[in-house]
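A.B. asks: Below are the sequence and a predicted model for it; my questions follow.
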Amino acid sequence: GGPGGGRGPRRYGMNVSSTLSYSTQAFGSPARRNSAILLDPRTPFLKADMRLTSRSSYVAGVVVLLGAISGAAILVPNRVSTPAEAAPSTQPAPLATIDPGMRQREGVFPYSGAIPVVYAYGKPYERGVQIGKQLRAINPDMLREVAAARWRQMMNGIPGITRDESVTLVDAYLEAIRTRLGAEMVDEYIDEMRGVGDGAGVSFNEMFMLNLGGFYRKYFIDEKGHKTPYYPDNGGCSSFAAWGKATADGKMIATHNCDWGRAPDRSAKVAVVMAPERGNRIVYAAPVGTWGSHHITSDRVFVAGLALGFPKAKPRYFIPEGPNGMVQRWIVQYSSSAQDAFDRYQARTVGDRGVATAAGNVVYVDRNEAIYLQTAPDKIGRIPNRDGYNAVTNHIVLDEMRPHFLRGDKASTSAGSENRLSTLLHLLKENYGRTHVPTAASMMSSHYDFAGGRENVFAHTVCQHGEFRGSASGTTLSTIAKLDESAVWL
């Protein structure tokens with residue numbers, strides 16, 4: 001869940017090239033193809049640099065693991081050989097580096113495990129195969145086990161359903177989202193998904209459930225006439241952006257904390273560094289084998305999504321795990337600015353069912369602008385920016401949005417969410433004019449309890465530890481983007 005906030009952390013830095021005697025040859029060159037690097041378990045920050053020297057040298061540097069958890073490590077596997085390597089770039093491209101300016105402390109949650117970093121480029125199916133082969137090289141069973149967990153989740157609570165019956169509407173569902181979202185978008189990411197499965201030796205149905213099971217569950221419930229609830233009764237995540245007078249250098253910083261269950265299908269993350277044949281270069285960390293989640297960064301735009309209540313309108317095909325993730329991946333891959341991203345989002349309507357989301361707080365940030373939104377299937381509201389910053393968690397802050405949610409104020413407010421937002425705003429004001437990447441890392445890792453005025457890991461803090469409140473959930477990933485540097489810290 002991130003290094004703890006409050007007390008002064010000790011400094012720990014490791015340079016990959018010197019510590020591991022690693023030569024910064026072009027990634028994928030013959031000298032590096034048959035080995036992997038396992039960074040020191042205490043390493044806290046990995047930073048991804050998207051400024052590429054050429055298309056064939058598609059990774060200029062990686063450094064991304066925000067919030068080392070005690071015993072965690074970063075595993076950097078080699079990319080599979082592809083035809084593009086016939087003419088590799090002559091420019092050096094460091095495979096992975098640790099940001100020496102970041103600091104580390106012991107983790108609060110006793111959770112460990114390697115976080116892989118994989119690389120891909122090119123056409124959708126080709127880059128999917130590259131990802132799948134790398135995942136299989138790391139652990140041949142990992143992807144199948146995570147997919148099986150999501151498949152069970154899709155079937156959970158639907159009376160009398162069997163595994164065979166659960167896939168009977170897959171073709172109809174795919175045709176439905178192709179019709180509503182457009183074949184060009186859907187086919188690109190289905191092809192990428194298919195490639196991941198083929199590269200890892202995992203079936204299409206398993207990959208489908210992994211990436212689309214959450215959305216498909218709603219479709220299946222509707223079509224089969226089951227009376228099973230749609231929405232889980234929880235949500236998390238925190239985000240802030242700061243710029244201008246609020247930051248040390250006047251440049252934009254965007255952040256997001258992913259608060260999810262600690263089950264393997266959510267907490268088993270893989271960082272992906274990708275240069276698609278079309279669109280922007282992107283970096284994201286998401287559940288193993290997925291095409292991105294609700295926190296993706298390109299060299300132009302940062303996008304984040306946060307859960308928000310129970311909408312009255314019923315979006316048949318959309319909740320955060322499935323096609324909305326596909327829509328946001330498409331937006332960040334092809335948008336040139338935050339406003340362009342917002343325009344694309346609004347344009348992807350779903351007939352009389354509204355925008356492509358069940359409900360959520362949505363964040364679009366570029367180098368100069370931050371757009372914070374509250375959305376329901378039939379309404380979008382824009383949260384006004386403050387003087388150089390904005391922040392959001394998981395409750396409604398716009399009065400105009402309340403009529404679009406069930407249960408009135410009871411569903412649209414949360415003491416825990418409000419405390420996290422109050423904490424973020426307090427930390428932003430406290431660090432006003434001095435915020436830079438290490439400051440942002442400390443804020444997103446904070447266990448400061450605004451209501452109590454002290455450090456309290458048992459409270460609803462920006463870095464969440466639900467296990468101390470009887471819930472197997474909490475902050476599973478933090479993301480910080482500095483778009484003017486084309487850099488991402490995870």
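C.D. replies: Yes, it's here.

A.B. asks: Next, please give the residue ranges for the strands of the stretch 301-450 of the chain.
C.D. replies: Shown for the stretch 301-450 of the chain, the strands assigned by DSSP state E, counting those that start in this stretch span residues 302-306, 360-365, 370-376, 379-383, 389-392, 448-449.

A.B. asks: Need the contact partners of the first one.
C.D. replies: Yep, that's strand 302-306 we're talking about. The contact list for strand 302-306, computed with C-beta atoms under 8 Å, 6 or more residues apart in numbering, reads 235-239, 254, 256, 294-297, 320, 324, 328, 331-332, 341, 357, 360-366, 392-394, 479, 481, 483. (C-beta placed from N, C-alpha, C; glycine too.)

A.B. asks: Quick check, pLDDT for L490.
C.D. replies: In this model, L490 is scored at 82, pLDDT.

A.B. asks: Low-confidence ranges, the stretch 1-150 of the chain, go.
C.D. replies: Residue ranges of the stretch 1-150 of the chain with pLDDT under 70: 1-115.

A.B. asks: doesn't V186 make contact with M326?
C.D. replies: Yes - proximity of M326 to V186 meets the contact threshold set by C-beta atoms under 8 Å, at 7.1 Å.

A.B. asks: what do these two both touch?
C.D. replies: Common neighbours of M326 and V186 (C-beta under 8 Å, 6+ apart) are I177.

A.B. asks: neighbour-wise, which of the two wins?
C.D. replies: M326 (25 against 21; other C-beta atoms under 10 Å).

A.B. asks: Need phi/psi at the residue nearest to the more buried one when sequence neighbours are not counted.
C.D. replies: Excluding its sequence neighbours, the residue lying closest to M326 (C-beta to C-beta, 6 or more residues apart in numbering) is Y189, at 5.1 Å. Main-chain dihedrals, Y189, degrees, to the nearest 10: phi -80, psi -30.

A.B. asks: Distance of Y189 relative to R262?
C.D. replies: 27 Å (C-beta to C-beta, to the nearest Å).

A.B. asks: More neighbours: the two, which one.
C.D. replies: Y189 (23 against 18).

A.B. asks: So that one sits against Q328, correct?
C.D. replies: No - counting by C-beta under 8 Å, Y189 does not reach Q328; the two are 11.0 Å apart.

A.B. asks: Filter the contacts of strand 302-306 down to the ones in helices?
C.D. replies: Among those, the ones falling in helices (DSSP state H) are N324, Q328, I331, V332, A341.

A.B. asks: Mind picking the two most distant members of those residues?
C.D. replies: N324 and A341 (13.7 Å; C-beta to C-beta).

A.B. asks: quick one, what contacts the spatially closest residue to E400 that is not a sequence neighbour?
C.D. replies: Distances taken as C-beta to C-beta, 6+ apart put G381 closest to E400, at 5.2 Å, once the chain neighbours are dropped. Residues near G381 by C-beta under 8 Å, 6+ apart: L373, Q374, T375, L398, E400, M401.

A.B. asks: cool, and I131?
C.D. replies: I131 neighbours (C-beta under 8 Å, 6+ apart): V118, A120, G195, V196, G199, V272, G289.

A.B. asks: In strands, which of those residues appear?
C.D. replies: V118, A120, V272 (DSSP state E).

A.B. asks: any idea how far M142 is from the first one?
C.D. replies: Computed as C-beta to C-beta, the V118 to M142 distance reads 12 Å.

A.B. asks: picking that back up, now list the buried members of the contacts of strand 302-306.
C.D. replies: Buried by 16 or more other C-beta atoms under 10 Å: 235-239, 254, 256, 294-297, 320, 324, 328, 331-332, 341, 357, 360-366, 392-394, 479, 481, 483, out of the contacts of strand 302-306.

A.B. asks: where does the stretch 351-490 of the chain dip in pLDDT?
C.D. replies: For the stretch 351-490 of the chain, the ranges with pLDDT under 70 are 351-358, 407-413.

A.B. asks: Point out the other elements, helices or strands, that the strand or helix carrying R180 touches.
C.D. replies: In this assignment (DSSP states H and E), R180 forms part of helix 170-181. If contacts are counted by 3 or more C-beta pairs under 8 Å, 6 or more residues apart in numbering; DSSP states H and E, helix 170-181 sits against helix 183-200, helix 204-224, helix 323-334.

A.B. asks: To S471, which of the ones you listed lies closest?
C.D. replies: Using C-beta to C-beta, the nearest of those to S471 is helix 204-224, at 19.5 Å.

A.B. asks: hey, C-alpha coordinates of that closest one in CSV?
C.D. replies: Taking Å, rounded to 0.1, in the frame of the first residue of the first chain, the C-alpha atoms of helix 204-224 are listed here in CSV:
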residue,chain,number,x,y,z
PHE,A,204,-9.8,-17.0,-25.4
ASN,A,205,-12.7,-17.6,-22.9
GLU,A,206,-10.3,-17.3,-20.0
MET,A,207,-8.9,-14.0,-21.4
PHE,A,208,-12.4,-12.8,-22.0
MET,A,209,-13.4,-13.3,-18.4
LEU,A,210,-10.3,-11.7,-17.2
ASN,A,211,-10.8,-8.5,-19.2
LEU,A,212,-14.6,-8.4,-19.6
GLY,A,213,-16.1,-10.7,-17.0
GLY,A,214,-17.3,-7.8,-14.8
PHE,A,215,-19.2,-6.2,-17.7
TYR,A,216,-20.3,-9.4,-19.2
ARG,A,217,-21.8,-10.5,-15.8
LYS,A,218,-24.3,-7.6,-16.0
TYR,A,219,-25.2,-8.4,-19.6
PHE,A,220,-25.6,-12.1,-18.7
ILE,A,221,-27.8,-11.3,-15.7
ASP,A,222,-30.1,-9.1,-17.9
GLU,A,223,-30.4,-11.5,-20.8
LYS,A,224,-31.0,-14.6,-18.6
